[in-house]
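Q: Everything below, folded, please.
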Amino acid sequence: MASKRIFDIIFKTSGTDKAKSAVKGLGSALGTIAKVGVLAGAGVAALSVKLAGDFSKNLREVSTLMDNTSEKSIKAMGKELRSLSQTSGLALSSLSKAKYDIVSAGFSGAAQSAQVLAASSQLAVGGVTSAASAADLLTTALNAYGLGADQVNDVSDTLFTTVRLGKTTMDELAGSLGKVLPIAKASGVSLSDVGAAMASLTAGGINTAESTTALRGAIIALTAPTDAAAKAMKTGGIEAKRFDDGSFDLLETIKQFEGMDPAALRKFIPDISASVAVSALANNVDGLSDNLLAFEGRAGASETAFNKMAGEFNTQMAMMKNTSQSVMIEIGNVIIDAILPSITSANETLATMGDIGWDV
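A: Numbers count the residues shown, from 1 in each chain. Now for the predicted structure:
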């Protein structure tokens, strides 16, 4: 009754038909919103609208980075993310952030981004990290080596094997591995060899950040030595060993430094950080050899870890929670579709009334 009284007063005091029409339009729109609001006031409905609204916002944010998006493609993306949340137990917010980062990293096609996101969710669960961190690590590796989305599973297996054999985590790798990958690719060092070296260095007690810096320096020192170091290597019969295809042979190169004392090593590798990496690898050539061999059998490593974690109680509970949220998002979408036209109408009417001016 109070709202009706207010509108009665406005009608009696307003001086133009335009103002009357605007107020009537606003009253009609607010009336529709109020009716639907009775339903939305219920706990489940209110939460459904909130979940659906937040999720819709996330999808729209991702779509801004993609070409030729439509309502149909946005709905398909929503279905993709909700399905992954139900099968992985990962939060929709984390998957949405991962999707955004994947598209931002250049994998903007619907099929490409879906493939990388699926691998990211699997690596996140198996590697005990967030989907966003897994996506960041995967896209960094893919881009550094110029690989396409069709190679993402092998990259995922390589990264997981690095964590399994070393003393590091996915989050630690995500924070530092990018330092060494571009140099490794340019020098012909394979991603699996980088993983084997990182596993050896971290298992030997060097933390992840220091290992990436040291390995980067070692690769530069071995493949592009300073003039003095190059001269010393030539005199000592030391060189960067290569396979027939020109790629870097990590094991055979490191073997040349086996048993060498630090002072002698510094003649060939003057950089202190780089010499630490070479010395650590050379003093455990057998361990490096075993790691390189283990990486040859890396296929399926991420999937195996995912399957183990997927059966765990907390993961199953997260899956159930996400399935419930997915249903609520559907409910929220129905409510939003019903109320959005009235909200839009109310906004348009308020804008018109602002143009008229309340002094009229």
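
Q: close enough to count as contact, residue 191 and residue 182?
A: No - taking contacts as Cβ atoms under 8 Å, residue 191 lies outside contact range of residue 182: 11.7 Å. To be clear about C-beta, it is placed using only N, CA and C from the backbone, and glycine gets the same treatment.

Q: Name the helix or strand for residue 210, please.
A: helix 208-223 (DSSP states H and E).

Q: list the buried ones in stretch 336-352?
A: The neighbour-count check on stretch 336-352 (16 or more other Cβ atoms under 10 Å) flags 336, 339, 342, 345-346, 349, 352 as buried.

Q: same deal with stretch 294-304?
A: Those would be 294-295, 298, 301-303, for stretch 294-304 by 16+ other Cβ under 10 Å.

Q: Can you tell me which of these is nearest residue 103?
A: residue 302 (21.4 Å; Cβ to Cβ).

Q: quick one: low-confidence ranges for the chain?
A: Along the chain, segments meeting pLDDT under 70 span 1-44, 353-360.

Q: Show me what the longest helix along it is packed against.
A: Determined from DSSP state H, the single longest helix within the chain is helix 313-356. The contact analysis (3 or more Cβ pairs under 8 Å, 6 or more residues apart in numbering; DSSP states H and E) places helix 313-356 against helix 17-40, helix 43-63, helix 71-88.

Q: who's in contact with the helix or strand following the last one?
A: Read that as helix 71-88. Next along the chain after helix 71-88, taking DSSP H and E as the criterion, comes helix 92-104. Applying Cβ atoms under 8 Å, 6 or more residues apart in numbering, the contact partners of helix 92-104 are 54-55, 58-59, 61-62, 65-66, 77, 81-82, 84-85, 88, 113, 116-117, 120-121, 124, 130-132, 134-136, 139, 322, 325.

Q: Residue 185 contacts residue 144, correct?
A: Yes - contact criterion Cβ under 8 Å: residue 185 and residue 144 qualify, at 5.5 Å.

Q: Overlap of the contact sets of those two?
A: Residues touching both residue 185 and residue 144 by Cβ under 8 Å, 6+ apart: none at all.

Q: What does residue 90 show for phi and psi?
A: phi -80, psi 150 (degrees, to the nearest 10).

Q: How about it, nearest residue that isn't a chain neighbour?
A: Among residues not flanking residue 90 along the chain, residue 131 sits closest, at 5.0 Å (Cβ to Cβ, 6 or more residues apart in numbering).

Q: Distance check, the one you found against residue 47.
A: 23 Å (Cβ to Cβ, to the nearest Å).

Q: So which of those two has more stuff around it?
A: residue 131 (30 against 15; other Cβ atoms under 10 Å).

Q: Residue 288: how many residues sit nearby?
A: Count around residue 288 with other Cβ under 10 Å applied: 23.

Q: Helix, strand, or coil at it?
A: When classified by DSSP: H, G, I helix; E, B strand; the rest coil, residue 288 comes out as helix.

Q: who's in contact with it?
A: Here residue 288 is in contact with 196-197, 200, 250-251, 254, 281 (Cβ under 8 Å, 6+ apart).

Q: so the residue nearest to residue 90 makes contact with residue 122?
A: No - here residue 131 does not reach residue 122: they are 9.7 Å apart, not a contact under Cβ under 8 Å.

Q: which residues are common contacts for these two?
A: Joint contacts of residue 131 and residue 122 (Cβ under 8 Å, 6+ apart) are residue 88.

Q: and the closest residue to residue 299 other than its chain neighbours, what helix or strand is that in?
A: Leaving aside its sequence neighbours, residue 299 sits nearest to residue 157 (Cβ to Cβ, 6+ apart; 5.9 Å). For residue 157, the enclosing helix or strand under DSSP H and E is helix 152-165.

Q: Would you reformat the contacts of residue 288 as JSON lines and include distance to residue 271?
A: Shown next, in JSON lines, are the contacts of residue 288 (distance: Cβ to Cβ, whole Å):
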{"residue": "196", "distance to residue 271": "21"}
{"residue": "197", "distance to residue 271": "16"}
{"residue": "200", "distance to residue 271": "19"}
{"residue": "250", "distance to residue 271": "18"}
{"residue": "251", "distance to residue 271": "21"}
{"residue": "254", "distance to residue 271": "16"}
{"residue": "281", "distance to residue 271": "15"}
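
Q: mind checking how far residue 323 is from residue 316?
A: Residue 323 is 11 Å from residue 316, by Cβ to Cβ.

Q: Now do the contacts for residue 325.
A: 51, 85, 92.

Q: Does anything pack onto the helix holding residue 157? Which helices or strands?
A: helix 110-126, helix 131-144, helix 170-176, helix 191-203, helix 285-296, helix 301-310.

Q: Which helix or strand lies directly C-terminal to the shortest one?
A: Using DSSP H and E, the helix or strand that directly follows helix 170-176 along the chain is helix 181-187.

Q: Only the buried residues of that following helix, if you could.
A: 181, 183-185, 187.

Q: Quick check: which of the helices and strands packed on helix 152-165 is nearest to residue 235?
A: Comparing these by Cβ to Cβ, helix 285-296 comes nearest, at 23.0 Å.

Q: Quick one: work out the angle between the closest one and helix 152-165.
A: 150 degrees (axes from the mean of the first three to the mean of the last three Cα atoms, to 10 degrees).

Q: any idea how far helix 285-296 is from the chain center?
A: Offset of helix 285-296 from its chain centre (Cα atoms, centre = their mean, to the nearest Å): 29 Å.

Q: What sits closest to residue 82 if chain neighbours are left out?
A: residue 326 (4.6 Å).

Q: ok, the one you found touching residue 86?
A: Yes - with contacts counted by Cβ under 8 Å, residue 326 reaches residue 86, the gap being 6.1 Å.
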